[in-house]
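Asks: Here's a sequence, model it:
(3 chains)
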Amino acid sequence: MSESTTTLRAPAREVPLFSIRRVWTLAISTLTQLVRMKTFYFLFAFAVLLLAIGNFNFASSPAQALSTVKKVSFGAMDLFAWLFAIVATALLIPRDLEDRTLYTILSKPVRRIEYLLGKLCGVLIVIGISLSVMFVVCAGMIQWKEAGYIAEEIGTTENQITEETRQAILLIQKNGFHPELAIATLASFMKAAVVASVTILLSTFASSSLFTIIISVLVFLVGHAHTMATNFWLAESDNSIVVQMLLKLFKIVIPNFQIFSFSEGIVQGATVMPAAIWQMAGLTGAYLVVFMLLSLLTFVDKEF
Amino acid sequence: MSEPAVEVSNLTKVFSTGLSKNYVVAVDNLSFEVAAGEVYGLIGPNGSGKSTTMKVVLGLMAASKGSAKVFGYESGDIRARNEIGFLPENPYFYKHLSGEETLKFYGKLCGLKGSELKDRIAELLKLVDLEGAAKRRLGGYSKGMLQRIGLAQTLIQNPRLVILDEPTAGVDPVGSRQIRDLILKLKEDGYTVFLCSHLLEQVQEVCDRVGIIFKGRMRREGTLDELIRIESQTAMTLENASPELISKIHDLISSDDAAKVIEEGHPRTTLERLFIQIADQNRKEESA
Amino acid sequence: MKALFQKTPRWILVVLGLAIFGLARASFEDRMREEMVASSLLLPPPARDAIQQMSQSALMGTLGGLRTLVSSYLVLEAFGHFSNKEWEDLRRSYAIITSLEPRDENHWRDVVWHLGINATANMEIDESIPEFERKRRFNEYALLAVDLAEQGIEQNPESSIIRQQLAEVYREKLKDYCATARVYKELVDLPGAPQYSDRFVGYFLAKCPGREREAYDHLRRLYYEGEYNHTASLIVEIKNLEEKFDILPALRIPDPYPDLPGPAPRQP
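Replies: So this is what the prediction gives:
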């Protein structure tokens, strides 16, 4: 080849060592990916379920019917949130690796923690949007049913609201829509966020998505048995030292998902304590930080 | 003398296999440099350690021993990656993104934004001749188109060093030629290109210097001119020479006024022949 | 130190990190759990008996944080048992449902209604069952309903709907008016209690042998509390009791219908 006389290119512009913009770019890309995978089609299924349960006449009273609509819809929201958190998180990173998209991303000025955070944020944005939409649909459905039941009660009294009618209406209202249900949605989101961070940690070790999904679901289920383990098994006097030690190890290593199930209490009408919500938000944050750091510990040296 | 674009010193990469204590040495004490502005080709058969070397340079793998630097930065450093544009073998990008969105995504990762990013995307789409397919999703791109959008992606942040892993693998002859022309254009534009390939004819056409790697070790390295020269032979190129004249060429050359020596020097082999010769030599050494 | 860090397998470091975090959060999580259980935000674990009765899938669902979905499914199943008059199955379903969601008063109210009212009514009319067996089962279901209502009240001390249902079982099925009056008395000060509760205390005390005088005093006090209590039933009941105790005319409440012959006492 002949010697060229071209001018060499100038050094690249400096890049920040950590950039929220890069995390955001990766998060939005993950969101786009999940949207174009037609993830939001689930919302149609949810709407159908809600309509079916709303029109299923098996409850003994309007209050019970409303209570059931609330429980099933918020239960389905909770189920969607954690299941989606596991599946989406477990699929995304191995898929990037298989498709070698990871090579092109990590060969750009992107830190590995930025990549992990971007993926986590992307999944959480999808869950956040889905839960918000489902909450609005649910709230609409419950309020519509509630208004219908109240009108029915008033209709039977022929212009005079009796003591019994008033009681019935109060009971319907008690089991109907309350703004606190938004906190129940937030509780499901917090749980899903912790589940996603656990799944990310597992996926930095695992060799396949299937393995990550199975182990994550297992950890999630077992994470609900903290109190039962403490109450039943630790209390058994005939348990050997080894069993007791294993149970204690389980208690400190496996996240306690049970305490993140407080949406159930809210749906059933328990009073929301703002202090508890803030504390749970803090605990969620702690889980996210610790699990992301532990994921980084594995991912930073991972060779592709 | 400007700073080398890539500086690999005594690089060794060892992989352990499974749970046993067996090790595989993928790269063995490898050293070489890629000067700024040149096109350097690292060639070798499959499993020779080319891709591993490249991944260490990119920071996708850590060296077991030795080091790799890019414009003076350690290869794992984010500032090193800021100077690199990388095109992996058979690149797959997000199929759900269009060509334009893909460039936008990578541009944003490199810190570009606004009109600067928009202009750069337009410029690159023109460079790789994909302006017409900019809005199409990559799921519908041919292999050659994917390779070209990949090449555009490598250049998005105007890196000083472009690393290409088998840039023409699986691409048809027309696409292959387009990519080869693009590499030459990159050189003209002042980029440093470091490429791995086993398509020797192409390497011969575009590279200034070549390193031949076998079993993780550098066997030969130099400019193409140095590598393909045959020192024991001399060749002459004659004009208007009759067949008789050729047989008596050296005796007659001084007495025959009609014939004259146009060129005298070392005839060239091809890179391919040299490569096979080294491979044979390697095999003989091993069997001995 | 750096060399040791690099040589240590990552999984050991991760487990170590998890353990340190686990120890740090354990006491906080235990305290949070206790606070949230106390404020009904979290449900206590299902009773052991309920766990043993649950199918594997229901148990998995319960463990997996799907309690509300599992219980809603079981309510649906229980409704099927009610439609088919499968009272034993219904009882088993509700044993699990109330164990899964002990703080949902609707479940307790429903099981008391199903067993105390529907099952007993079925025993009154189902001729496919021998009479002696029907009587035995009638009592069994009514008493079981009372027992379940008491369990529900223990879990939901402020519940008025469980008490209303319990009072109905005592009143309509067991004809235990003393107990009926006691339940209405408990209801009086509870949130969501019907306004008639206090009047009903008096009506049923009047039917409780030996407590008629108490009933009279109670109803009289209500009468003088305000005009909103001057219902026909209350006045009739007071009049009956005035007759019974031969109260001096000056101490009697005014007669709202002086021109009419004494109205017949009305059942509340």
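Asks: any idea whether A:K302 is helix, strand or coil?
Replies: Of the three states, A:K302 takes coil according to DSSP: H, G, I helix; E, B strand; the rest coil.
Asks: On the pLDDT front, check it for me.
Replies: Here, the pLDDT recorded for A:K302 equals 82.
Asks: With C:L205 instead?
Replies: pLDDT at C:L205 comes out at 90.
Asks: Chain neighbours aside, what residue packs nearest to it?
Replies: C:A215 (3.6 Å; Cβ to Cβ, 6 or more residues apart in numbering or on different chains). For every residue, glycine as well, the C-beta is placed using N, CA and C.
Asks: ok, now how distant is the one you found from C:H230?
Replies: According to Cβ to Cβ, to the nearest Å, C:A215 and C:H230 sit 17 Å apart.
Asks: Can you tell me, leaving aside adjacent residues, what's nearest to C:L42?
Replies: Counting by Cβ to Cβ, 6+ apart, C:M36 is the residue found nearest to C:L42 once chain neighbours are left out, at 4.0 Å.
Asks: my read: the one you found touches A:G265, true?
Replies: Yes: using Cβ atoms under 8 Å as the test, C:M36 is close enough to A:G265 to be in contact (7.0 Å).
Asks: what sits in contact with each of those two?
Replies: Overlap between the neighbourhoods of C:M36 and A:G265 consists of C:L42, taking contacts as Cβ atoms under 8 Å, 6 or more residues apart in numbering or on different chains.
Asks: hang on, the earlier thing: pLDDT value on the residue nearest to C:L205, please?
Replies: 90.
Asks: Next: C:K173.
Replies: 92.
Asks: What number of neighbouring residues does it come out with?
Replies: 22 (other Cβ atoms under 10 Å in any protein chain shown).
Asks: give me every residue that touches it.
Replies: Contacts for C:K173 (Cβ under 8 Å, 6+ apart) come out as C:G116, C:I117, C:T120, C:F138, C:A142, C:A145.
Asks: Could you do B:D77 as well?
Replies: By Cβ under 8 Å, 6+ apart, the neighbours of B:D77 are B:G59.
Asks: that older thread, just the contacts of C:K173: which are in helices?
Replies: The members of the contacts of C:K173 that map onto helices under DSSP state H are C:T120, C:F138, C:A142, C:A145.
Asks: Top of these by number of neighbours, please.
Replies: For those, the largest number of neighbours (other Cβ under 10 Å) sits with C:A145, at 28 neighbours.
Asks: Surely it touches C:G116?
Replies: Yes: the criterion here is Cβ under 8 Å, and C:A145 meets it with C:G116 at 2.9 Å.
Asks: where's residue 80, which helix or strand?
Replies: I went with chain A, as the question did not name one. Per DSSP states H and E, A:F80 falls inside helix A:62-98.
Asks: The intended chain is chain C.
Replies: Going by DSSP H and E, C:G80 is part of helix C:67-83.
Asks: State the mean pLDDT of that helix.
Replies: 87.
Asks: Tell me what angle the helix or strand just after it forms with helix C:67-83.
Replies: Toward the C-terminus, helix C:67-83 is succeeded by helix C:87-100 as the next helix or strand (DSSP H and E). With axes from the mean of the first three to the mean of the last three Cα atoms, to 10 degrees applied, the angle from helix C:87-100 to helix C:67-83 works out at 160 degrees.
Asks: May I see the buried residues of helix C:87-100?
Replies: C:W87, C:L90, C:R91, C:R92, C:S93, C:Y94, C:A95, C:I96, C:I97, C:T98, C:S99, C:L100 (16 or more other Cβ atoms under 10 Å in any protein chain shown).
Asks: Now tell me which helix or strand of the chain has the poorest mean pLDDT.
Replies: Just so you know, I chose chain A. helix A:226-228 (a mean of 73; mean pLDDT, DSSP states H and E).
Asks: meant chain C actually
Replies: Counting by mean pLDDT, DSSP H and E, chain C has helix C:56-63 as its least confident element, at a mean of 65.
Asks: Output the below-cut-off pLDDT ranges for chain B.
Replies: B:1, B:18-21, B:230-241, B:243, B:245-254, B:256, B:258-269 (pLDDT under 70).
Asks: For chain C, what is the nearest residue in it?
Replies: Residue nearest to chain C within chain B (Cβ to the nearest Cβ): B:A62, separated by 9.6 Å.
Asks: What's the local residue count around B:G72?
Replies: 14.
Asks: next one: C:K85
Replies: Residues within reach of C:K85, counting by other Cβ under 10 Å, total 13.
Asks: Using the three-state scheme, assign the nearest residue to it once chain neighbours are set aside.
Replies: Closest residue to C:K85 in three dimensions, ignoring its sequence neighbours and counting by Cβ to Cβ, 6+ apart: C:N122, at 5.6 Å. Under the three-state scheme (three-state DSSP), C:N122 adopts helix.
Asks: And C:N122, how far from chain A?
Replies: Taking Cβ to the nearest Cβ, to the nearest Å as the measure, C:N122 falls 16 Å from chain A.
Asks: So that residue sits against C:W87, correct?
Replies: Yes: counting by Cβ under 8 Å, C:N122 does reach C:W87; the two are 7.3 Å apart.
Asks: end-to-end on stretch B:167-176?
Replies: Length of stretch B:167-176, first residue to last, Cα to Cα, to the nearest Å: 8 Å.
Asks: For it, buried residues please.
Replies: Residues B:P167, B:T168, B:V171, B:G175, B:S176 are the ones in stretch B:167-176 that count as buried (16+ other Cβ under 10 Å).
Asks: cool, and stretch B:86-106?
Replies: By neighbour count on 16+ other Cβ under 10 Å, the buried set for stretch B:86-106 is B:86-89, B:91-106.
Asks: Using PDB, write down the CA coordinates of that stretch.
Replies: Output of stretch B:86-106 as PDB, limited to C-alpha atoms (Å, rounded to 0.1, in the frame of the first residue of the first chain):
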ATOM      1  CA  PHE B  86     -16.100  -1.800  17.000                       C
ATOM      2  CA  LEU B  87     -17.800  -4.000  14.500                       C
ATOM      3  CA  PRO B  88     -18.200  -7.600  15.600                       C
ATOM      4  CA  GLU B  89     -18.300 -10.600  13.300                       C
ATOM      5  CA  ASN B  90     -21.900 -11.000  12.000                       C
ATOM      6  CA  PRO B  91     -23.200  -8.100  14.000                       C
ATOM      7  CA  TYR B  92     -26.700  -8.300  15.300                       C
ATOM      8  CA  PHE B  93     -28.400  -5.200  16.500                       C
ATOM      9  CA  TYR B  94     -31.800  -4.700  18.000                       C
ATOM     10  CA  LYS B  95     -34.000  -6.000  15.300                       C
ATOM     11  CA  HIS B  96     -36.900  -3.800  16.500                       C
ATOM     12  CA  LEU B  97     -35.000  -0.600  15.700                       C
ATOM     13  CA  SER B  98     -34.700   1.000  12.300                       C
ATOM     14  CA  GLY B  99     -31.300   1.800  10.800                       C
ATOM     15  CA  GLU B 100     -31.700   5.400  11.900                       C
ATOM     16  CA  GLU B 101     -32.800   4.500  15.400                       C
ATOM     17  CA  THR B 102     -29.800   2.200  15.800                       C
ATOM     18  CA  LEU B 103     -27.400   4.900  15.000                       C
ATOM     19  CA  LYS B 104     -29.300   7.300  17.300                       C
ATOM     20  CA  PHE B 105     -29.100   4.700  20.100                       C
ATOM     21  CA  TYR B 106     -25.300   4.200  19.800                       C
END
